[in-house]
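1. here is my input; please provide its structure:
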Amino acid sequence: MSRLHPVDASNASGKQKELLDVVKSKLGIVPNMTRVMAASPVVLEAYLGFSGALASGLLDAKIREELALLTAQENHCNYCLSAHTAIGKMVGLKHDEIIASREGKGTSPKTTAALAFAKHVLDTKGEISEADHATARSAGFSEGEIAEIIAHVALNVFTNYFNNATDVDIDFPKVSHSDIA
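-> Prediction:
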């Protein structure tokens with residue numbers, strides 16, 4: 001059971017209602033994570049702003065989901081693994097591609113390079129080397145794309161930590177980080 005109470009969207013008012021209505025209009029549902037974030041409208045607003053900005057960036061939906069899956073696996077966030085497995089399927093990732101992403105193997109050599117770079121960002125807490133940058137550039141990533149990979153890691157670390165710390169009830173088909181070794 002969630003350690004913070006999810007806001008009931010039907011009883012919300014003010015900024016909470018406004019933000020939860022935005023979530024529902026974009027997704028068709030109001031996931032528990034956003035309902036719990038709505039306990040502090042500034043937290044939900046920050047999440048929506050960050051994720052919304054990155055959604056219109058240079059990286060396509062598949063690679064964004066692959067980055068989210070890797071980050072959730074590394075951070076043992078079962079809520080995000082469950083959510084991004086479902087979303088990954090919606091953007092065209094197959095089951096074996098979802099598992100591979102969690103293991104740091106992408107749907108292409110370029111995506112695998114992005115996942116390796118993202119894992120270095122996670123493992124070093126952002127203190128990555130010039131060699132790591134050079135490897136990402138040599139895999140074909142522009143400086144803008146590299147910046148977005150780092151930003152996606154940060155966004156996903158935020159949601160992973162938020163969900164783990166608050167123990168948000170999973171409202172997607174359940175996936176566990178321990179499903180793969």
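2. going forward, measure contacts between C-alpha atoms and count neighbours the same way
-> OK.
3. which of the residues in the lengthiest helix in the chain are buried?
-> With DSSP state H applied, the helix covering the greatest number of residues in the chain is identified as helix 143-166. Buried residues in helix 143-166, defined by neighbour count with 16 or more other C-alpha atoms under 10 Å: 145-146, 148-157, 159-164, 166.
4. report the distance from that helix to the chain centre.
-> In this view, helix 143-166 has its centroid 6 Å away from the chain centroid, taken as C-alpha atoms, centre = their mean, to the nearest Å.
5. now that helix: average pLDDT?
-> When the per-residue pLDDT values of helix 143-166 are averaged, the result is 98.
6. elements contacting that helix?
-> The contact analysis (3 or more C-alpha pairs under 8 Å, 6 or more residues apart in numbering; DSSP states H and E) places helix 143-166 against helix 41-55, helix 61-74, helix 78-90, helix 109-123, helix 130-138.
7. could I get these as a markdown table with mean neighbour count?
-> As requested, the helices and strands packed on helix 143-166 are arranged in a markdown table below (neighbours: other C-alpha atoms under 10 Å):
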| stretch | mean neighbour count |
| --- | --- |
| helix 41-55 | 15 |
| helix 61-74 | 25 |
| helix 78-90 | 22 |
| helix 109-123 | 21 |
| helix 130-138 | 14 |
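8. so for residue 6, which of the ones you listed sits nearest?
-> In this view, the helices and strands packed on helix 143-166 are compared for proximity to residue 6 by C-alpha to C-alpha, and helix 41-55 is the closest at 11.9 Å.
9. got the domain boundaries for this structure?
-> By the assignment in automatic domain parsing, the chain contains the domains 14-55, 61-179.
10. sec struct for the residue lying closest to residue 144 once chain neighbours are set aside, please.
-> With C-alpha to C-alpha, 6 or more residues apart in numbering as the measure, residue 58 is the residue that lies nearest to residue 144, at 7.4 Å, once sequence neighbours are left out. Using DSSP: H, G, I helix; E, B strand; the rest coil as the criterion, the local structure at residue 58 reads coil.
11. how about the contacts made by the residue lying closest to residue 114 once chain neighbours are set aside?
-> When the adjacent residues along the chain are set aside, residue 114 lies closest to residue 136, with 6.7 Å between them (C-alpha to C-alpha, 6+ apart). Shown here is residue 136, whose contacts under the criterion C-alpha atoms under 8 Å, 6 or more residues apart in numbering are 113-114, 117, 146.
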